[in-house]
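# generate a structure from the sequence data that follows.
(one chain, ligands or ions: 1)
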Amino acid sequence: MECMQRITEPILGFEVDLFNFEEALVFTHLHLKENKGLHIVTINPEMIALGSKNDEFGRVLNEADLSIPDGVGIKLALKIKGIKQENIPGIEFSKKLIGLCALEGYTIGLLGAKEEVVNNAANNLRKEFENLNITYVHNGYFDSQQEEIICEEIKNIAPRVLFVALGAPKQEMLISKLKQEMRNTIFIGVGGSFDVWSGAVQRAPEIYQKLGLEWLYRTIKEPSRFKRIFPALPLFLIRVIMETVHESWVKLR
Ligand code: UDP
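Below is the predicted model:
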């Protein structure tokens, strides 16, 4: 796509796109209109930490076609590298993408979360977006045998955009598998978004969102998340500082 080239910056070996919200949406829209496929990752420090430890997941992350910076961690990392970057919350980006699909008649599929959650999310989205055509809905709790059946179903129904809410790395690994045979599909891993769209979970109050502290609010509400985020975030930032100092030193030599 010559009219819109990606501009990316590596963070600890993982490419992150420097589009702002609008540009990322236009980039995706162009792919939609041209019947092209995309794997969109909403990248965060936890995923980068996991990708550094798990080669397979790391490869999948770097094979994505668009890695949007989701959350304050990536924003800070880019700031350390001297780049001012807008935070693009994956949940908001996905909602806008759904709006586009409804407006222009592209079909969508929802895979992930608990049965009741994904059904409620689908119903709420249908209420919110007139003409939204959801052609596939399935919960995210299945074994490897059921996974084969689900993959077949998805290939047959072939929604234009598939939203996958299994959490990382599960969602990215499944997308990586599906995209081998669904070259013209747009895939995006959306983490806990269906929980929010179903009404089961509230997003953080706007002030937390504005400050990029939604993760802090979720951690207060759900203290078990604490272990996942700490010490991952400070460690991540220390590693980014070390990488940046090293890069400057190499340039100076
Ligand atoms: N989930 C799922 N299948 C699984 C594990 C998780 O469908 O085997 C769903 C879970 O119900 C939740 C989402 O994946 O809706 C992950 O949410 P989480 O908040 O962990 O994701 P994050 O946004 O932190 O990546």
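# and stretch 216-231, which residues are buried?
216-219, 229 (16 or more other Cβ atoms under 10 Å). In short, each C-beta sits where N, CA and C put it, glycine included.
# again, but for stretch 22-36
Neighbour-count burial for stretch 22-36 flags 23-25, 27-28, 31-32 (criterion: 16+ other Cβ under 10 Å).
# now tabulate the buried residues of stretch 216-231 in JSON lines and tack on distance to residue 16 and pLDDT.
Supplementary listing: these in JSON lines, determined by distance: Cβ to Cβ, whole Å; pLDDT from 0 to 100:
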{"residue": "216", "distance to residue 16": "22", "pLDDT": "84"}
{"residue": "217", "distance to residue 16": "24", "pLDDT": "87"}
{"residue": "218", "distance to residue 16": "22", "pLDDT": "83"}
{"residue": "219", "distance to residue 16": "23", "pLDDT": "84"}
{"residue": "229", "distance to residue 16": "19", "pLDDT": "70"}
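# give me the subset of those residues that also touch the ligand.
Near the ligand, taking Cβ under 6 Å from any ligand atom as the test, no member of those is found.
# which ones among those residues map onto helices?
The helices, defined by DSSP state H, take in 216-219, 229 from the buried residues of stretch 216-231.
# from the residues you listed, which two are the most distant?
Greatest spatial distance among those (Cβ to Cβ): 217 and 229, at 11.8 Å.
# flag every residue of the protein that's near the ligand.
112-114, 140-141, 165-168, 170, 191-192, 194-195.
# which among the residues you listed end up buried?
112-113, 140, 165-168, 191-192, 194-195.
# reformat those residues as a markdown table; add pLDDT and secondary structure.
Formatted as a markdown table, those follow (pLDDT from 0 to 100; DSSP: H, G, I helix; E, B strand; the rest coil):
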| residue | pLDDT | secondary structure |
| --- | --- | --- |
| 112 | 98 | strand |
| 113 | 98 | coil |
| 140 | 98 | coil |
| 165 | 98 | strand |
| 166 | 98 | coil |
| 167 | 97 | coil |
| 168 | 97 | coil |
| 191 | 97 | coil |
| 192 | 95 | coil |
| 194 | 98 | helix |
| 195 | 97 | helix |
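# turn the residues you listed into JSON lines, including distance to residue 153.
As requested, those are exported to JSON lines (distance: Cβ to Cβ, whole Å):
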{"residue": "112", "distance to residue 153": "14"}
{"residue": "113", "distance to residue 153": "17"}
{"residue": "140", "distance to residue 153": "14"}
{"residue": "165", "distance to residue 153": "17"}
{"residue": "166", "distance to residue 153": "16"}
{"residue": "167", "distance to residue 153": "21"}
{"residue": "168", "distance to residue 153": "23"}
{"residue": "191", "distance to residue 153": "22"}
{"residue": "192", "distance to residue 153": "23"}
{"residue": "194", "distance to residue 153": "18"}
{"residue": "195", "distance to residue 153": "23"}
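# pull the residues that contact the helix or strand of the chain with the lowest mean pLDDT.
Here the helix or strand of the chain ranked lowest by mean pLDDT, DSSP states H and E is helix 226-229, holding a mean of 74. With contacts defined as Cβ atoms under 8 Å, 6 or more residues apart in numbering, helix 226-229 is touched by 46, 215, 219.
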